[in-house]
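K.L.:
I would like the atomic coordinates for the input below:
(2 chains)
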Number of protein chains: 2
Amino acid sequence: MPNVLTYGTFDLFHIGHLRLLERAKALAGADGKLIVAVSTDEFNWNAKQKKCAIPYEERAAIVAALRCVDKVIPEECWEQKTQDVEKYNVDIFVMGNDWEGKFDFLQSQCEVVYHPRTEGISSTKSNTDLHG
Amino acid sequence: MPNVLTYGTFDLFHIGHLRLLERAKALAGADGKLIVAVSTDEFNWNAKQKKCAIPYEERAAIVAALRCVDKVIPEECWEQKTQDVEKYNVDIFVMGNDWEGKFDFLQSQCEVVYHPRTEGISSTKSNTDLHG
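P.N.:
Numbers count the residues shown, from 1 in each chain, chains lettered A, B, ... in the order given. Alright, predicted model coming up:
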């Protein structure tokens, strides 16, 4: 019953987000839990100068409403990952492979997996379409 | 254990869609089922000259992934509602109140409820923002 943890913004929720989350839940199995850290608006702005189209509360509510998601927590800083892995007894940390290699430092605490993203779909693209 | 049925396009999935579906599921209760008819791309185009930003398969997959939704069926024509109510043993037919009064003809078969929509949120608006 492994616990699985992933991070994301999930702005303008789309099929690529759902596929990533369902694949992450598949790693957890029927009895394991999928914990999803959704980045707050402040973190997106302060750390990445990224303005979300949809506010945190709505992005988090949509992710939390999915059958494949067991728990949603806020992502508020880059440094929280080590703590989150410990706090939630995480066995597998999974991210899209656009982050390949970036979280290998967590391998001393848990398994680190990078999943392929759905081709041709990204929020950054939708957001650019939306805001010019 | 009432069965509840609703219809929608659910293009560019947002918090207003989720709130409508959760409110519909609340009518069904823990043991009742929420059946959601998602309009196909062909129906949107042929009946309403409306082009969806997101294809049917993806819109339907996102709705089906929600914990509050028990079954998704395609909406392919205006006339199917009478049949659907019978086929799925529907006790309550629920729509947003932008359709107020339009489905009162189903009252001979089941209860008809119109729910308020979340103010200031609509796919038509997002779609206009997205496509200019």
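K.L.:
SS state for the residue nearest to A:Val38 when sequence neighbours are not counted?
P.N.:
Among residues not flanking A:Val38 along the chain, A:Ala60 sits closest, at 4.6 Å (CB to CB, 6 or more residues apart in numbering or on different chains). All C-beta spots, glycine's among them, are computed from the backbone N, C-alpha and C. Here A:Ala60 is helix, with the state taken from DSSP: H, G, I helix; E, B strand; the rest coil.
K.L.:
mind listing what A:Ala60 touches?
P.N.:
Applying CB atoms under 8 Å, 6 or more residues apart in numbering or on different chains to A:Ala60 gives the contacts A:Val38, A:Val72, A:Pro74.
K.L.:
gap between the second one and B:Lys50?
P.N.:
To tie it back to what came earlier, the one meant is A:Val72. Per CB to CB, to the nearest Å, A:Val72 is found 32 Å from B:Lys50.
K.L.:
ok, the two, which is more surrounded?
P.N.:
Shown here are A:Val72 and B:Lys50; by other CB atoms under 10 Å in any protein chain shown, A:Val72 has more neighbours (19 against 16).
K.L.:
tell me which residues in the helix or strand that one falls within are buried?
P.N.:
Per DSSP states H and E: A:Val72 is located in strand A:71-75. Buried residues in strand A:71-75, counted by 16 or more other CB atoms under 10 Å in any protein chain shown: A:Val72, A:Ile73, A:Glu75.
K.L.:
that older thread, let me know the closest of the contacts of A:Ala60 to A:Ala30.
P.N.:
Of all these, A:Ala30 sits closest to A:Val72, with 19.7 Å by CB to CB.
K.L.:
report the contact partners of the closest one.
P.N.:
By CB under 8 Å, 6+ apart, A:Val72 lies in contact with A:Ile35, A:Val36, A:Ala37, A:Val38, A:Ala60, A:Val63, A:Ala64.
K.L.:
in helices, which of the residues you listed appear?
P.N.:
When DSSP state H is applied, those are split such that A:Ala60, A:Val63, A:Ala64 fall in helices.
K.L.:
any idea how far the first one is from A:Gly96?
P.N.:
In this case it means A:Ala60. From A:Ala60 to A:Gly96 the distance is 19 Å (CB to CB).
K.L.:
show me which residues of chain A sit near chain B.
P.N.:
A:12-15, A:18, A:22, A:54, A:58, A:61-62, A:65-68, A:126, A:129-130 (CB under 8 Å from any CB of the partner chain).
K.L.:
filter those down to the buried ones.
P.N.:
Here, 16+ other CB under 10 Å leaves A:12-15, A:18, A:22, A:54, A:58, A:61-62, A:65-66, A:68, A:126, A:130 buried among the residues of chain A next to chain B.
K.L.:
farthest pair in these?
P.N.:
Maximum distance among those (CB to CB): 26.0 Å, for A:Cys68 and A:Leu130.
K.L.:
per-residue pLDDT, A:Lys125?
P.N.:
A:Lys125 carries a pLDDT value of 50.
K.L.:
sorry, that was for A:Met1
P.N.:
pLDDT, read off for A:Met1, is 87.
K.L.:
same thing with the one 3 residues further on?
P.N.:
According to the prediction, A:Val4 has pLDDT 98.
K.L.:
cool, A:Pro116 as well?
P.N.:
We have a pLDDT of 87 for A:Pro116.
K.L.:
OK, contacts around it?
P.N.:
By CB under 8 Å, 6+ apart, the contact set of A:Pro116 is A:Gly96, A:Asn97.
K.L.:
what do you get for A:Phe43?
P.N.:
The contact partners of A:Phe43, by CB under 8 Å, 6+ apart, come to A:Glu75, A:Glu76, A:Cys77.
K.L.:
shaky segments in chain A?
P.N.:
By pLDDT under 70, the low-scoring segments of chain A are A:118-132.
K.L.:
again, only using 80
P.N.:
Where chain A drops to pLDDT under 80, the residues are A:117-132.
K.L.:
which parts of it are helices?
P.N.:
Ranges of helices in chain A, per DSSP H, are A:15-28, A:41-48, A:56-64, A:80-87, A:123-131.
K.L.:
with respect to A:Leu106, which of those lies nearest?
P.N.:
Checking these against A:Leu106 by CB to CB gives helix A:80-87 as the closest, at 6.1 Å.
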